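1. generate coordinates for the sequence data below:
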Amino acid sequence: MITISEKLRVPAEQEGQRKKMLSQLKKWRPSMRTLYCVTLPQTEGSVLEVIPVFALRLEAKAHDITVFAVAEGRANAVKLVEEMLGEVYRETGGFDVKSYYLK
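-> Numbers count the residues shown, from 1 in each chain. The predicted model follows:
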């Protein structure tokens, strides 16, 4: 099952496309430019994962997944991960991303 966080983040420069990206994510109709999602990791030792939308459906068959951020383009998704990790560290002094985002 796939859950979309109520606090879904998008890159600042793509904020105007939030509704479009969210619609594409919910309907599984990514645009020509690939959408990438930021999720909690499915593997031990990872902090966050960047997954293309087309692969998200496959991952969701094996695991419950919560999408915390979405971006057009992998580079933008990686930039969001950096921002999210910085926020977690500033607020908690550590990198317990799961506890921070699931609170």
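
2. from here on, just use CA atoms for contacts and neighbour counts.
-> Fine.

3. what's the helix or strand bottoming out on mean pLDDT in the chain packed up against?
-> Ranking every helix and strand in the chain by mean pLDDT, DSSP states H and E puts helix 53-62 at the bottom, with a mean of 79. Applying 3 or more C-alpha pairs under 8 Å, 6 or more residues apart in numbering; DSSP states H and E, we find helix 53-62 packed against strand 35-39.

4. helices or strands next to the strand it packs on in the packing?
-> By 3+ C-alpha pairs under 8 Å, 6+ apart, strand 35-39 packs against strand 49-52, helix 53-62, strand 65-72, helix 74-92.

5. and the contacts of the least confident helix or strand of the chain?
-> M1, I2, L25, W28, P30, T34, L35, Y36, C37, I65 (C-alpha atoms under 8 Å, 6 or more residues apart in numbering).

6. state the distance from L35 to P41.
-> 18 Å (C-alpha to C-alpha, to the nearest Å).

7. neighbour-wise, which of these two wins?
-> L35 (22 against 17; other C-alpha atoms under 10 Å).
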